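Participant: Please find the sequence and the predicted model below.
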Amino acid sequence: MITIIRTNSANQDFRELITYLDEDLAIRDGSEHAFYAQFNKVDMINHVVIAYDDNRPVGCGSIKKLTSDSMEVKRMYTAPASRGKGIASTVLRELERWSAELSYKKCILETGNKQPEAIALYFKSGYKVVQNYGQYAGVENSICFEKELGGICE
C-alpha cells in the first residue's frame, strides 16, 4: 500500500532517496552534471513529499518558492524497482495540491532532455512546455514546464 507524507528536507528518507537520484543524474547528465547539481541543493526545503510502499521509502519530490505566484518542483525521484506503479504521479499531485493550499497559482519545473520518463510524466500530468527560465535559459539540454493550478484544491 502506498502512503504519502509531507515533511521537509531534513527527513532522512528524503536524503537517502535523493542520493540515488543524484547518482542516476550523474550518469545521465555526464559532463553537464556539475552545472545542474549546483541548483539542486536541498538545505532548508520546507515542502517535501515522500511516498512509502509498506513503510519503505520509494519516491519523493519537493517544491520551493520561485516567484510570488509559483512553486518550483524539484528532486522528483522514484526507486527503479517501484517505477510503473504511479508513484511519481501521486507524488506530483500531492506537490501540486500543497502548492495550491499555499495559494500559489502554478508549478514550474526543469528537467533534462536525457530524462524521457520525467518528460512523459509531466506531459501526462498536464504540464506545458515553456521557455527555459532563470539559470536554464539558453541551456540546450534543459526543458522547462509549467502547470496552472486552478481547481486543484476544490
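Facilitator: Good, I have the coordinates.

Participant: then the strand ranked longest in the chain to CSV, C-alphas only?
Facilitator: Counting residues, the longest strand found in the chain (DSSP state E) is strand 56-67. Output of strand 56-67 as CSV, limited to C-alpha atoms (Å, rounded to 0.1, in the frame of the first residue of the first chain):
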residue,chain,number,x,y,z
ARG,A,56,9.7,1.6,2.6
PRO,A,57,10.6,5.0,1.0
VAL,A,58,10.2,4.6,-2.7
GLY,A,59,9.7,8.1,-4.1
CYS,A,60,9.9,11.7,-3.4
GLY,A,61,9.6,15.3,-4.7
SER,A,62,9.8,18.8,-3.3
ILE,A,63,8.6,22.3,-4.0
LYS,A,64,10.2,25.7,-3.3
LYS,A,65,9.0,29.2,-3.9
LEU,A,66,10.1,30.5,-7.3
THR,A,67,8.0,33.7,-7.6
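
Participant: contacts for the helix or strand that comes right after that strand?
Facilitator: Using DSSP states H and E, the helix or strand that follows strand 56-67 in sequence is strand 70-78. The contact list for strand 70-78 (C-beta atoms under 8 Å, 6 or more residues apart in numbering) reads 14, 17-18, 20-21, 24, 40, 42, 45, 47-48, 51, 58-66, 87-88, 91-92, 95, 99, 102, 104-109, 118, 121, 146. Quick note: C-beta positions are derived from backbone N, CA and C, even for glycine.

Participant: Using CSV, write out every CA atom in strand 70-78.
Facilitator: This file holds the C-alpha atoms of strand 70-78, laid out as CSV (Å, rounded to 0.1, in the frame of the first residue of the first chain):
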residue,chain,number,x,y,z
SER,A,70,4.7,29.9,-8.5
MET,A,71,6.4,27.0,-6.8
GLU,A,72,9.2,25.1,-8.5
VAL,A,73,9.1,21.3,-8.5
LYS,A,74,12.4,19.8,-7.5
ARG,A,75,14.0,16.5,-6.7
MET,A,76,11.5,14.1,-8.2
TYR,A,77,12.6,10.5,-7.9
THR,A,78,11.1,7.0,-7.9
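
Participant: Strand partners (parallel or antiparallel) of that strand?
Facilitator: strand 56-67 (antiparallel), strand 106-112 (parallel) (DSSP bridges).

Participant: could you redo the ones you listed as TSV and give each row mean pLDDT and mean neighbour count?
Facilitator: Below are the strands paired with strand 70-78 laid out as TSV (pLDDT from 0 to 100; neighbours: other C-beta atoms under 10 Å):
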stretch	mean pLDDT	mean neighbour count
strand 56-67	96	20
strand 106-112	95	22
